[in-house]
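> Return a 3D structure for these sequence lines:
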Amino acid sequence: MMPGADARLVAKIAGLLRQPVFFRDVLVATRDQPYRAILCAWSEIRTRHALARDEFGRYWLEEQ
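Below you'll find the model as predicted:
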């Protein structure tokens with residue numbers, strides 16, 4: 001895990017990414033967290049998982 005990445009926040013964001021979501025929806029769902037913590041968690045997820053993105057800009061965890 002990246003230094004500074006909160007495991008609970010990583011798990012929450014990964015849960016959101018089980019279906020297509022806009023990044024702004026991730027921000028809204030985690031608005032009680034500092035923006036830097038959200039970015040660290042997002043980076044951790046991108047390090048561990050492939051993210052798919054559609055033509056509308058929605059992200060989700062890609063099946064591997």
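
> how about the helices of this protein, start to end?
7-16, 23-29, 35-48 (DSSP state H).

> Tell me how many other residues crowd residue 45.
If you count neighbours by other C-beta atoms under 10 Å, residue 45 ends up with 22. Using the backbone N, CA and C atoms, a C-beta is placed for each residue, glycine as well.

> List the contacts of it.
10, 13-14, 17, 51, 61 (C-beta atoms under 8 Å, 6 or more residues apart in numbering).

> Tell me which two in those are the farthest apart.
Across the contacts of residue 45, the longest distance by C-beta to C-beta is 13.3 Å; it joins 10 and 51.

> Give me the more crowded residue out of these two.
A direct count of neighbours by other C-beta under 10 Å for residue 10 and residue 51 places residue 10 higher, at 20 against 12.

> Would you check that residue 4 makes contact with residue 39?
No. Between residue 4 and residue 39 there is no contact under C-beta atoms under 8 Å: 9.6 Å.

> Need the overlap of contacts for these two.
Contacts common to residue 4 and residue 39, judged by C-beta under 8 Å, 6+ apart, are absent.

> residue ranges with poor pLDDT in this protein?
Regions of the chain meeting the criterion pLDDT under 70 cover residues 1-3, 64.

> can you tell me which residues contact residue 33?
Residue 33 touches 6, 9, counting by C-beta under 8 Å, 6+ apart.

> if you set the cut-off to 10 Å instead, what comes out?
6, 8-9, 12-13, 27, 40-41 (C-beta atoms under 10 Å, 6 or more residues apart in numbering).

> Out of these, which end up buried?
Neighbour-count burial (16 or more other C-beta atoms under 10 Å) applied to those gives 6, 9, 12-13, 40-41.

> right, and the pair among the residues you listed with maximum separation?
Among those, 12 and 40 lie farthest apart (C-beta to C-beta), at 12.9 Å.

> okay, and the common contacts of the two?
With C-beta under 10 Å, 6+ apart as the test, residue 12 and residue 40 both reach 6, 33.

> Please name the nearest non-neighbouring residue to residue 17.
Of all residues not flanking residue 17 in the chain, residue 61 sits nearest, at 4.6 Å (C-beta to C-beta, 6 or more residues apart in numbering).

> Wait, the one you found touches residue 53, no?
No. Using C-beta atoms under 10 Å, residue 61 makes no contact with residue 53, being 11.3 Å away.
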